[in-house]
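>>> sharing a sequence plus its predicted fold:
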Amino acid sequence: MSDIKKEKKIVTFKWNDQEIQAEEGSNLLKAALDHGIEVAHYCYHPGLSVSGVCRMCMVEQIGDKAPPRPYPSCNATVSEGIHVRNDTPKVTSAVQSTLEFHLVNHPLDCTICDQAGECKLQEYYMEHGAYDSSMVDKKVHKEKVQDIGRNVMLDAERCILCSRCVRFTAEITKTHELGILNRGDHAEITAIEPLKNDYAANVVDICPVGALTSKDFRFNQRVWFLEDLETTCLGCVTGCSVKISQNHNGAFRVRPREDQEVNGYWMCDEGREIYKHLSSLGRLQFPLKNNSGLFIPTESEQFLSTLPRPMAIILSTHLTVEEYEAIFHLIPEDQVYFYRLPEEGPEFDSLLKRSDKNANRLGLEKSYYKAYNNVLNWTTKDCSLAGAKEKLNSVKSCFIVVPEFLPHFIKAKNNFENFLHSLPKECLKIALAYDDLFQGINHCDYLLPVPTFAEKDGTFFNFKEQARTLKKGIVYSQQAQSVPDYLALITKTTNNSKGFSHAAQ
Amino acid sequence: MNSNLQPNFNYVLLSHHHIPNVQEIEVYEQAEGYSAFKKSLSLTPDFIKEEVKASGLRGRGGAGFPTGIKWGFFSKDREAKKYLLCNADESEPGTFKDRFLVEKNPHLLIEGMLISAWALGTQKGYIYIRGEFYHQAKILEKAITQAYQKGYLGKNILGKDFSFDLYVHRGAGAYICGEETGMISSLEGKKGQPKLKPPFPAIKGYRGYPTMVNNVESLAAVPWIISFGAARYRQWGTEKSPGTKLFSISGDVKKAGVIEVPLGTPLKNIIEDHCGGMREAPLKAVIPGGSSAPILTAEQAYKVKMDYEDVASYGSMLGSGAIIVLDQTRSIAEILKWTLEFYHHESCGQCTPCREGTGWMEKIAKRRPSVEKTSTPEEVMDLLNRVAQNMRGQTICALAAAAAMPTQGILKAFPEEMKAYFGNLKS
């Protein structure tokens, strides 16, 4: 195969006054965008086919063999030595007038539009438009509030018919729910059937205007009050690059980041839920003690020093590699157990989503081997299996790290509660949790707050053993301590380096 | 033999139209029908392509691009899957020449397509016919059945290593399906929307295969050119616009209809000699090439010669050869409104300038007195002119230009009348 494959030839071309090197035959507009040149465009998206309908990315070619008229750069390719300009009078006036056409029937309801602040119509108007409107005629009206299924709302009036969403459902999910009905200025996006694919919310991201908005996010926060935390999704073993929009009032949404190694431009709808527990009302703010079903604040240092022995710890599969290494350093192998989330859905949905929800399973196995020089044997270490459960029967106190994202996994919810229920009644159960909303909470004696994946720096390994990075963003639980920190606390209070183990005697 | 049953080869396209029942294959064969095709099978495809190129035949659909040169862009690989597509959509308002041609003499088109298919090496052909042409589609289907029976279509035609299948496909009534890539989209079963070029259909067309799209009239001229040669074809017309052309004349003349005359015939002759002059009132204006051609004033119309270059020198275009004659009783503003209504309705809605511009122009042209902001007639006309100008050259296909050109043409040719019209809106 390799000898058939044409070698990539890098050529030089000129965009305005800037020389750019790019692969011969690659997309001209993409080459410019990749080199940081700002080119107005609506319909072009690097992850979709070219439709060439918005007519904003026009360029004029300079030179003898140049075509007589400006052409859209999204439908042109890079070739050696060509020189294109988009700052000529011809092109700038064309872009301005095309922008005016885009806005002729646009309702200009920015004040109540969720897209305001990140809307390409607003941005390009400031940059290329800035004219006085000549439109005093009656605008074409279309239906404004349309629930088109999943998490997506459609405002047909705001739509500029770039067809990105139509191409997305046709080319990426291949579910073909969206189409453009009618012709001329009566053309509008129509859901032939409600959106049914698991990637529907991507159409909200790729919509350059406020036509498609997210039911989950709309009206919750103005985008200029938000900052993006660039991190990684821990929803399954794929590990997509994402950004979480947040501020001190909370986290508001998750969107994909471009990452050609893993997720391209997209992410699944399930992954978009992972922000919800970060700033939920149920977040644990301090240690709690179960007082006959009523949880009351307590001091962690006190009860941690008087725990009955022997002890064990049941770890989740969502901690970082750094945390696992620190934990394994503190605790002997025979006292470490794990809780694996059950698989959900098809093994791989052929796009991004995988059934294995234990995001850092590989990182965990790696750290385990590194610490104990022993391959992790799940049949004896996975607490949801009988072999491991038996060993826990003699344990007097048990740390349980509640899996992150538990509320998102339908199967896991009951499974985890059953697991907690199956632990010996007399065993003291200390849950290291993010919130107090998980099912089975009443089986626990203590709750200790831990940071979420967006409140700590760290690494994990996805299914392809690619190292993925977690970044620390805004902290919503001030007293939360990491799992190794709590364990170190026991070491300190018992004054023994392997205190977890030796204190049992 | 009755001379009425003999073809009159002083005409290229209407050579057989006077023969009764020439739509029947036997009658057509008796009148030397399919002889050009038989002759062409003894010629090499390259020779035919050269002959068509030498004839200077220009695409009769409206753009006037030389057919021979277009054929030159086509894949030379005879084995590769390729299509020949006949554009019989004839959607330009005012045009009805292809209908007349097909209805009376369907075999001429089939023969033209056969010769072209032999020259181009296409294995399949489609005649995409306007949906409203139901009877013409039936006539064509019957003619195709006859041609199959006689062995002109199908496998190993006339014993040669040449196979060609031909189908009729009826459109569903969209102007834009007359644009070749819009037609291909429609034929593929998609919404009739033009495709982004490049790639051009000659490289990647119907279902992704090389496709040659030619107008009915272009293809129907091929048999004559093969029979009598390119040099004789050039006896008619001008250097740059050789040959004859069908004109469909409508409007305020005594005898409207389809005529075949050499290119370069003065419009005055067409109106006065062929059409018997004006009906009642004197001439006011002529739209020379279908509704998208800018309007000519009476003065210009009496001077212009009907060939591609001369019409263009008056700022208009020959287009499809649809001559719409208007007399003094006609309101130019009404013409403008109807024209804009049409293009607004027919814009496919893909490209922003056309989608929004066609509708906006119609609204401006129909502004009511309540619209006060741009109230002076000059301002309204300036705005209309500016919007039209901004639409041109910015879109995938030429529909935007087809709407903009007549608008600008009217504003330029009849400024006083338009000023009065917009002035009246104010009061």
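That came through, no problem.
>>> give the rounded mean pLDDT of the longest strand along chain B.
Counting residues, the longest strand found in chain B (DSSP state E) is strand B:244-251. What strand B:244-251 shows for mean pLDDT is 97.
>>> got any ranges where the stretch 101-250 of chain A has weak pLDDT?
Judged by pLDDT under 70, the stretch 101-250 of chain A has no weakly predicted residues.
>>> about what we covered before: need the CA coordinates for the longest strand of chain B. PDB is fine.
Extracted in PDB, the C-alpha atoms of strand B:244-251 (Å, rounded to 0.1, in the frame of the first residue of the first chain):
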ATOM      1  CA  THR B 244     -28.500  29.000 -38.000                       C
ATOM      2  CA  LYS B 245     -30.500  29.400 -34.800                       C
ATOM      3  CA  LEU B 246     -34.000  28.900 -33.700                       C
ATOM      4  CA  PHE B 247     -35.800  31.900 -32.300                       C
ATOM      5  CA  SER B 248     -38.900  31.700 -30.300                       C
ATOM      6  CA  ILE B 249     -40.800  34.900 -30.700                       C
ATOM      7  CA  SER B 250     -43.600  36.000 -28.400                       C
ATOM      8  CA  GLY B 251     -45.300  39.200 -27.500                       C
END
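>>> partners of that strand in the sheet?
As defined by DSSP bridges, the strand partners of strand B:244-251 come to strand B:257-262 (antiparallel), strand B:322-327 (parallel).
>>> I'd like to know which elements the following helix or strand past the first one is packed against.
I take that to be strand B:257-262. Using DSSP states H and E, the helix or strand that directly follows strand B:257-262 along the chain is strand B:265-266. The criterion is 3 or more Cβ pairs under 8 Å, 6 or more residues apart in numbering or on different chains; DSSP states H and E, and the helices and strands that strand B:265-266 contacts are strand B:305-306. The C-beta positions use only the backbone N, C-alpha and C, and glycine is treated the same way.
>>> residues making contact with the strand it packs on?
With contacts defined as Cβ atoms under 8 Å, 6 or more residues apart in numbering or on different chains, strand B:305-306 is touched by B:245, B:247, B:261, B:263-267, B:270, B:288, B:311, B:318, B:321, B:323.
>>> next structured bit after it?
Heading C-terminal from strand B:305-306 (DSSP H and E), you reach helix B:308-313.
>>> just the mean pLDDT for that following helix, thanks.
In this model, helix B:308-313 carries a mean pLDDT of 96.
>>> now do that helix: distance to the chain's middle.
A distance of 16 Å separates the centroid of the chain from that of helix B:308-313, by Cα atoms, centre = their mean, to the nearest Å.
>>> report the backbone C-alpha coordinates of that helix in PDB.
As requested, the backbone C-alpha atoms of helix B:308-313 are provided in PDB (Å, rounded to 0.1, in the frame of the first residue of the first chain):
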ATOM      1  CA  TYR B 308     -23.900  36.500 -30.000                       C
ATOM      2  CA  GLU B 309     -21.500  39.400 -30.500                       C
ATOM      3  CA  ASP B 310     -23.800  42.000 -31.800                       C
ATOM      4  CA  VAL B 311     -26.400  41.500 -29.100                       C
ATOM      5  CA  ALA B 312     -23.700  41.600 -26.500                       C
ATOM      6  CA  SER B 313     -22.400  44.900 -27.900                       C
END
